[in-house]
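In: the following comprises the amino acid sequence and a computationally predicted model.
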Amino acid sequence: MAISLNIAGTSVFFAKAFKVEEGAALAAEIASAVGNLTGLRVVVIDHPPTAGLLPLLEGLQGAGVEVHLRDHHGDAERDAPVVAACRALLGERAVVETRVSHPACATLVQTGEFSGDIIVADADQDGLTAVLKAAGVSYPELEADAAVLDGPATGKTERALSLLGYRLVRAWGSIPAFGAPNRDKVFVQVAEAFVSATQGNTAGIEALDRLAVEYERKVACSKELAATATEPFTGFRLLDVPKGAEFDPPTLATELDRGVLVSGRWVTTGPIAKSFGAQVSLARSKDGEKAGIDLAALAVQAFGTRPEAGWKPEDGVISNTPFLLHLSPKRWEVFQLILGARMLL
């Protein structure tokens, strides 16, 4: 379930638990991998308040470890019960802020604060940069880069990032999509190369540049793939992603979002696809944000229930933000009518 690495003598597990049982299983996996946790500290970084977060924290604490939480997903009203439960469990060791005050999780830890301990983090660029800083591996522009790296894909430009941060973005594109058999292996290659590069090692820098060549190939594939998308109704673009298609997610997102309020992908991978064979993943564009599109609110309108009443993969719907929504094919049949009507307003 987790991608494990040793960074500067610190045990790191990249993972995220969505469901209750996933949180408990991840805690057990970490306890088994580390062995005796008694007297150790673990910090969970950049983990949103999902149903699996509290069981993860409880499982780790039950194994005898001192648990800390550092996150910046504390601004959504619907997440308040989970955030409150985490704070009740951990007290002052639960630091949950907002993206407004902390655009990246790297600013929620001190350099080397958890060096030699155990770190659990989301397997994205924000999680990686926060892990490095917490483990005592840093570089002058890390915090500034982290804020850009956890922002929109369109903002991750050469001008906005340091040379090292932009190298990470280009190399990151070589990581296969979720569900691909070699995703974890390539993720480790990118992470290890980045750690090495931050220390000025030529081998790490060269490795990032080699991985970037693969990224450039995927950029070209993304543009070709996006050109096959259709526009079923005004303001919406839908792409049927072929199984095994290779692409760069940020580039594909940029291409699909251009000129529409919402874009969607029909895919055969993802948590809902595991149960239903396929899923439709929707994303609000910047234009959609300006137009006031709220995908979670539209889903409440379409299905008559709120997220806490059963929005989970096995029910065919996932959403914890106004700008992302994942649906089973049958749920999509219902939702597209609501979305189409909203586009006409």
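Out: Everything's here; your move.

In: tell me which element Val95 falls in.
Out: Secondary structure assignment for Val95, by DSSP states H and E: strand 94-96.

In: typed the wrong thing, it's Thr269
Out: Counting by DSSP H and E, Thr269 is part of no helix or strand.

In: so how far is Ala17 from it?
Out: 19 Å (Cβ to Cβ, to the nearest Å). Every residue, glycine included, has its C-beta placed from N, CA and C.

In: partners of Thr230 in the sheet?
Out: Leu238 (DSSP bridges).

In: begin at 364 from here
Out: Sounds good: first residue 364 from here, last item Thr593.

In: what about it, how many neighbours?
Out: Applying other Cβ atoms under 10 Å, we find 9 residues neighbouring Thr593.

In: contacting residues for it?
Out: 600-602 (Cβ atoms under 8 Å, 6 or more residues apart in numbering).

In: can you check Ser691 too?
Out: Taking Cβ under 8 Å, 6+ apart, we find Ser691 in contact with 635, 638-639, 641-643, 679-680.

In: ok, 10 Å please
Out: Going by Cβ atoms under 10 Å, 6 or more residues apart in numbering, Ser691 touches 635-636, 638-643, 676-681, 698.

In: before we move on, back to that, neighbour count: Thr632 and Ala380, which is higher?
Out: Remark: of Thr632 and Ala380, Ala380 carries more neighbours, 26 against 17, as counted by other Cβ under 10 Å.

In: now that one: closest residue in space that isn't a chain neighbour?
Out: Gly415 (2.9 Å; Cβ to Cβ, 6 or more residues apart in numbering).

In: all helices of this structure, in order?
Out: With helices called from DSSP state H, the chain shows them at 383-397, 416-425, 443-453, 488-498, 505-512, 526-535, 546-561, 565-589, 612-620, 636-639, 649-653, 658-666, 692-706.

In: residues in contact with the fifth one?
Out: When contacts are taken as Cβ under 10 Å, 6+ apart, the neighbours of helix 505-512 outside the stretch itself are 462, 465-470, 474, 487-493, 495-496, 502, 504, 518-520, 523-525, 527-529, 531-532, 535, 561.

In: Gly667 and Leu526, how far apart?
Out: Gly667 is 51 Å from Leu526, by Cβ to Cβ.

In: any regions of this structure where pLDDT drops low?
Out: Along the chain, the model assigns pLDDT under 70 to residues 669-673, 683.

In: next up, the contacts around the spatially most central residue of it.
Out: When Cα atoms, centre = their mean is applied to the chain, the residue found nearest the centroid is Asp487 (5.3 Å). Counting by Cβ under 10 Å, 6+ apart, Asp487 makes contact with 377, 379, 409, 468, 493, 512-513, 535.

In: and Gln473, by the same measure?
Out: 496-497, 499.

In: what do you get for Val459?
Out: With Cβ under 10 Å, 6+ apart, Val459 has these contacts: 410, 412, 432-438, 442, 445-447, 449-450, 453, 465, 471.

In: which one is Leu531 nearest to, not counting chain neighbours?
Out: Phe557 (5.3 Å).

In: done for today, thanks.
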